[in-house]
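A.B. asks: Mind looking at a prediction? Sequence and model below.
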Number of protein chains: 6
Amino acid sequence: MREKKVVESKTTMTEMIMPNDTNPLGNLMGGNLLRWMDIVGGVCAGKHCEAHVVTASVDHVSFQNPIHLGDVITLEATVTRAFNTSLEVFVEVFAANVKGGNNRRCNDAYFTFVAVHDDTRKPIKVPKLLALTREEEKLYESALRRRELRLILSGRLKPAEATEIKTYFAEQ
Amino acid sequence: MREKKVVESKTTMTEMIMPNDTNPLGNLMGGNLLRWMDIVGGVCAGKHCEAHVVTASVDHVSFQNPIHLGDVITLEATVTRAFNTSLEVFVEVFAANVKGGNNRRCNDAYFTFVAVHDDTRKPIKVPKLLALTREEEKLYESALRRRELRLILSGRLKPAEATEIKTYFAEQ
Amino acid sequence: MREKKVVESKTTMTEMIMPNDTNPLGNLMGGNLLRWMDIVGGVCAGKHCEAHVVTASVDHVSFQNPIHLGDVITLEATVTRAFNTSLEVFVEVFAANVKGGNNRRCNDAYFTFVAVHDDTRKPIKVPKLLALTREEEKLYESALRRRELRLILSGRLKPAEATEIKTYFAEQ
Amino acid sequence: MREKKVVESKTTMTEMIMPNDTNPLGNLMGGNLLRWMDIVGGVCAGKHCEAHVVTASVDHVSFQNPIHLGDVITLEATVTRAFNTSLEVFVEVFAANVKGGNNRRCNDAYFTFVAVHDDTRKPIKVPKLLALTREEEKLYESALRRRELRLILSGRLKPAEATEIKTYFAEQ
Amino acid sequence: MREKKVVESKTTMTEMIMPNDTNPLGNLMGGNLLRWMDIVGGVCAGKHCEAHVVTASVDHVSFQNPIHLGDVITLEATVTRAFNTSLEVFVEVFAANVKGGNNRRCNDAYFTFVAVHDDTRKPIKVPKLLALTREEEKLYESALRRRELRLILSGRLKPAEATEIKTYFAEQ
Amino acid sequence: MREKKVVESKTTMTEMIMPNDTNPLGNLMGGNLLRWMDIVGGVCAGKHCEAHVVTASVDHVSFQNPIHLGDVITLEATVTRAFNTSLEVFVEVFAANVKGGNNRRCNDAYFTFVAVHDDTRKPIKVPKLLALTREEEKLYESALRRRELRLILSGRLKPAEATEIKTYFAEQ
């Protein structure tokens, strides 16, 4: 199974914020953004794995800058690290008004996806990721720590066994 | 400002899984579930605050049991604790097939919402929560620890200052 | 086939009124409300019958109080009586603004559903309803009269044979 | 205010049945049909009144022939009679498969709409209807009886005062 | 295979312009209009061919009069000429406000569809068109010239061989 | 007004083909593709002009390769030439299956947009385009010919005056 570069599966999505996407204050509802982030992340993961993928989890997401009716958002998804049958995808969201002005970074989140077999729908092995740039390496390294936190939060790892996180806390 | 009970804002939502909600494998896409969880959570938070609310964050969510085309899901949202201008809402998801069979618990997540002023859209104070049952008290207590983790993850609190979490890790 | 209680299939649905649900005056269009009432009624009927159901009819519905953009509506569906292969479901609609204020009862309607076999799609027998409270009994009793009216209106019963309705008219 | 002919406001709508319009059995859900019937009826009523209209009620509707995924339906709406500030619209539904075959009449329903003032949203007078053909006259005559039934069903008329219906029952 | 008249497949569609159909200026987006034109054209073509059809091309479309939120549009589709396995459909768009006023012609376009076999999805022969009125004959005649232009524009005909268009240009 | 490069407004959009986007044969309907092409073209034009834009026209589009349910499509829009108050945008469509395989070029089209003033909605001047690469220059040059054809097809230019097209035909 061939190692793959980040650039091979990088996926960009553009959406215009329509009336039905907004709350009564005229701002994009958080849940609609999460829905688009999941779609672009899933397309990116599917390309990397050359397989059907299902969403396994999404890490903590916070919403700072409101996105308004009529704004145009760009979502960029890149694989950060592949594990055995799962992989982590980083999704970033940028917004601008319809004239291309007021460009701003709005959000990001880490999604994990699991590749599954077409028929049995059982998890299958995924290709390794080849981190090339410094930025890619940084995301690759920190992926282990995020994975430990996920395992703790979903009750599959005891905090005492989270060696990566313990080290991280100790170093702060 | 009157303290409020959990039951005063508890909100239940029912959705049928339609073809456009599913991936090519015929399962509900994770992002669509997140979108509904955000809506039911927001309605619940709006009732508690008697104000417009905006989503501030969603904590780690994991997806275990697939939900299928034609299934009926029930989402239940309850406030767990109110802070100064924000509040935490717990959302649980249950699924059953269209005949009401194969009932199962699928998911849960903690959302935080901020109450905002109608015109200025600045944060406003929210009513305190009155936890009555043992279950409500448990969620009320643990809310502080989840809040610290949120502040760390969004870079607004140094891990070293996270006293609740440190204690939690020490006790494990 | 076990008799079933009302509470076993009671279904609650919550919807936010979005821009595309409203007419140019900013009010929920009647047809959209009917669509949601049919969905919640069908889910309720499916649970009672533990079978696929199809809508057979909806009785006269009138729309009094306008529901506005941004309002939150709650729909509650309960079985009132089961016949041979069909059952009657009562759907009530309540609305409130996004802050939980201006709570009001908006609408109700009686839907009938027919339970059908998964493969043949022929009607199948449905479980009887056990009316327990006084309110449930009242709806259970009056269901016969509504059924006669339905049969007359769809041309399957001659008015002269509508004994329940004749009695009702005579008593007024 | 000029009397108007039926043909001046007759409205035809065509819809293809898409996956999200159907239940798990692959048939159009009743509520979706009601939604389209309300829209075509409202457009027809708006043309006749040259005003904004709101749905006041829909009479008993029954669903006999299932409509399938991929079918094409045609909805035809005509005014049957105008009252003071309201009017009755008759909506008929026809279905055919995508090849134009298996043409069949599926449904009909009587909707009532109220014309409202743009700003005050108070009911306003509507133009009278000029029934020309025998078919139009028949619908025009029977409209009074349907109106009485509506008033009884919504509790605004005592059955004892329903002279049109009493006569109708007596004549059967 | 029986020749068919224009009137046998003429199709009328009515749509209300909803918030999600409009751009931030409150006008119908061109692409949404094209989508509806394609649907009504496809239904018309399917009826003429009594077969599944797929869109082969749409000719140059220009958008002159803006269509506003709340407007009601009527789309009319008629077959202009049938070729071997394809046919040309003319789609016209009319708009009016919700009160039926400000009636205006907005748009038109020529679509071509190909009839395909249910299983093999290979092109199949389509029935000839019988042009009866002067208007129908005019559209029938000019269809050949539009077809040549289409073939040139899609690179399947050399301009030098476009005899119909050459004549047309020479005559101007 | 600063001249702008192609790259400054290039826009990429990714869409998954969902059930409601497809016809009964399971293929993307042409009209849905046109709708997405118009959106991505409009976002691209808005960025170049830093203004609201409205669709003025779309040139001949043909549909060769079917796109299937579950496929992922990528749309790329680039400005080819700016005129006085309008500009031409080239939109290309690529499709792949959900696993990133069967990559293929599906479609392209030329859209023209007009930049309009926020309040008056009158056309306003647009920035010139700076064509840099050979490919960009080729599209820039041929834009004049396509513009003449558009003017002829919409009846605003007599074929005899179409100097660019006449030369093109003569050279073939």
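C.D. replies: Yep, it's here.

A.B. asks: is chain F contacted by the lengthiest strand in chain A?
C.D. replies: Looking across chain A with DSSP state E, the single longest strand is strand A:104-116. No - Strand A:104-116 stays clear of chain F (C-beta under 8 Å from any C-beta of the partner chain), getting no nearer than 9.6 Å. Where you see a C-beta, it was placed from the backbone N, CA and C, and this is true even at glycine.

A.B. asks: what residues does the next helix or strand after that strand touch?
C.D. replies: Scanning forward in sequence from strand A:104-116 by DSSP states H and E, the next helix or strand is strand A:129-130. Contacts to strand A:129-130, defined as C-beta atoms under 8 Å, 6 or more residues apart in numbering or on different chains, come from residues A:3, A:4, A:5, A:6, A:48, A:79, A:80, A:81, A:82, A:87, A:140.

A.B. asks: So what's the gap between strand A:129-130 and the chain middle?
C.D. replies: Chain-centre distance of strand A:129-130: 16 Å, with C-alpha atoms, centre = their mean, to the nearest Å.

A.B. asks: likewise stretch A:144-153?
C.D. replies: 15 Å.

A.B. asks: ditto for stretch A:33-40
C.D. replies: 9 Å.

A.B. asks: C-alpha coordinates for that stretch, PDB please?
C.D. replies: Extracted in PDB, the C-alpha atoms of stretch A:33-40 (Å, rounded to 0.1, in the frame of the first residue of the first chain):
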ATOM      1  CA  LEU A  33     -21.000  24.700   9.400                       C
ATOM      2  CA  LEU A  34     -20.300  21.400  11.100                       C
ATOM      3  CA  ARG A  35     -22.300  19.600   8.400                       C
ATOM      4  CA  TRP A  36     -20.200  21.200   5.600                       C
ATOM      5  CA  MET A  37     -16.900  20.500   7.500                       C
ATOM      6  CA  ASP A  38     -17.900  16.800   7.800                       C
ATOM      7  CA  ILE A  39     -18.700  16.600   4.100                       C
ATOM      8  CA  VAL A  40     -15.400  18.200   2.900                       C
END
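
A.B. asks: at contact distance from chain E, anything in that stretch?
C.D. replies: No - applying C-beta under 8 Å from any C-beta, one finds stretch A:33-40 out of contact with chain E, separated by at least 15.4 Å.

A.B. asks: mean confidence score for that stretch?
C.D. replies: The average pLDDT within stretch A:33-40 is 98.

A.B. asks: next one: phi and psi at residue A:64?
C.D. replies: Backbone torsions of residue A:64, given as degrees, to the nearest 10, read phi -100, psi -60.

A.B. asks: That one and residue B:7, how far apart?
C.D. replies: For residue A:64, the distance to residue B:7 equals 32 Å [C-beta to C-beta, to the nearest Å].

A.B. asks: Centre of the chain to stretch A:3-15, how far?
C.D. replies: Mean-position distance between stretch A:3-15 and its chain equals 12 Å (C-alpha atoms, centre = their mean).

A.B. asks: hang on, the earlier thing: if you count neighbours, what's buried in the longest strand of chain A?
C.D. replies: A:106, A:107, A:108, A:109, A:110, A:111, A:112, A:113, A:114, A:115, A:116 (16 or more other C-beta atoms under 10 Å in any protein chain shown).

A.B. asks: check contacts around the fifth one.
C.D. replies: For residue A:110, the residues meeting the contact criterion (C-beta under 8 Å, 6+ apart) are A:58, A:59, A:80, A:88, A:89, A:90, A:91, A:146.

A.B. asks: Tabulate those residues in TSV, adding columns for pLDDT, neighbour count and distance to residue C:130.
C.D. replies: As requested, these are arranged in TSV below (pLDDT from 0 to 100; neighbours: other C-beta atoms under 10 Å in any protein chain shown; distance: C-beta to C-beta, whole Å):
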residue	pLDDT	neighbour count	distance to residue C:130
A:58	97	27	44
A:59	96	22	48
A:80	98	21	57
A:88	98	28	52
A:89	98	28	51
A:90	98	22	55
A:91	98	26	51
A:146	93	22	53
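
A.B. asks: nearest to chain F, of those?
C.D. replies: residue A:91 (12.3 Å; C-beta to the nearest C-beta).

A.B. asks: Mind telling me what element the closest one is part of?
C.D. replies: strand A:86-96.

A.B. asks: Let me know whether that strand sits next to chain E.
C.D. replies: No - against chain E, strand A:86-96 shows no contacts by C-beta under 8 Å from any C-beta, the least distance being 13.0 Å.

A.B. asks: for that strand, packing partners?
C.D. replies: helix A:30-49, strand A:72-82, strand A:104-116, helix A:134-153 (3 or more C-beta pairs under 8 Å, 6 or more residues apart in numbering or on different chains; DSSP states H and E).

A.B. asks: related to what we said a few turns ago, tabulate the buried residues of strand A:104-116 (a markdown table), appending pLDDT and distance to residue B:120.
C.D. replies: Listed next are those as a markdown table, based on pLDDT from 0 to 100; distance: C-beta to C-beta, whole Å:
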| residue | pLDDT | distance to residue B:120 |
| --- | --- | --- |
| A:106 | 96 | 21 |
| A:107 | 93 | 23 |
| A:108 | 96 | 28 |
| A:109 | 97 | 29 |
| A:110 | 98 | 34 |
| A:111 | 98 | 34 |
| A:112 | 98 | 39 |
| A:113 | 98 | 41 |
| A:114 | 98 | 45 |
| A:115 | 97 | 48 |
| A:116 | 97 | 48 |
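
A.B. asks: so how far is the strand holding residue A:91 off the chain centroid?
C.D. replies: On C-alpha atoms, centre = their mean, the centre of strand A:86-96 falls 4 Å from that of its chain.

A.B. asks: Starting from that strand, tell me which strands it pairs with and how they run.
C.D. replies: Strand pairing for strand A:86-96, determined by DSSP bridges: strand A:72-82 (antiparallel), strand A:104-116 (antiparallel).

A.B. asks: Show the end-to-end separation of stretch A:53-70, please.
C.D. replies: 32 Å (C-alpha to C-alpha, to the nearest Å).

A.B. asks: in it, what's buried?
C.D. replies: A:53-63, A:66-70.

A.B. asks: in stretch A:117-133, what's buried?
C.D. replies: A:123, A:124, A:126, A:127, A:129, A:131.

A.B. asks: just the CA coordinates of it, formatted as CSV?
C.D. replies: Only the C-alpha atoms of stretch A:117-133 are listed here, as CSV (Å, rounded to 0.1, in the frame of the first residue of the first chain):
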residue,chain,number,x,y,z
HIS,A,117,-15.1,-2.3,3.0
ASP,A,118,-17.8,-1.8,0.3
ASP,A,119,-19.7,-4.9,1.2
THR,A,120,-18.9,-6.0,4.7
ARG,A,121,-18.6,-2.4,6.0
LYS,A,122,-15.8,-3.7,8.3
PRO,A,123,-12.8,-1.3,8.8
ILE,A,124,-10.0,-1.8,6.3
LYS,A,125,-6.3,-0.7,6.4
VAL,A,126,-5.6,2.8,5.1
PRO,A,127,-2.5,4.1,3.3
LYS,A,128,0.2,5.9,5.5
LEU,A,129,0.6,9.7,5.2
LEU,A,130,3.9,11.2,4.0
ALA,A,131,4.3,14.5,5.8
LEU,A,132,6.6,16.8,3.7
THR,A,133,6.5,20.4,4.8
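
A.B. asks: Just checking the distance from that stretch to the centre of its chain.
C.D. replies: Per C-alpha atoms, centre = their mean, the centroid offset for stretch A:117-133 relative to its chain is 16 Å.

A.B. asks: Could I get the average pLDDT for that stretch?
C.D. replies: Mean pLDDT, stretch A:117-133: 96.

A.B. asks: cool, and stretch A:60-68?
C.D. replies: Rounded mean pLDDT across stretch A:60-68 is 94.
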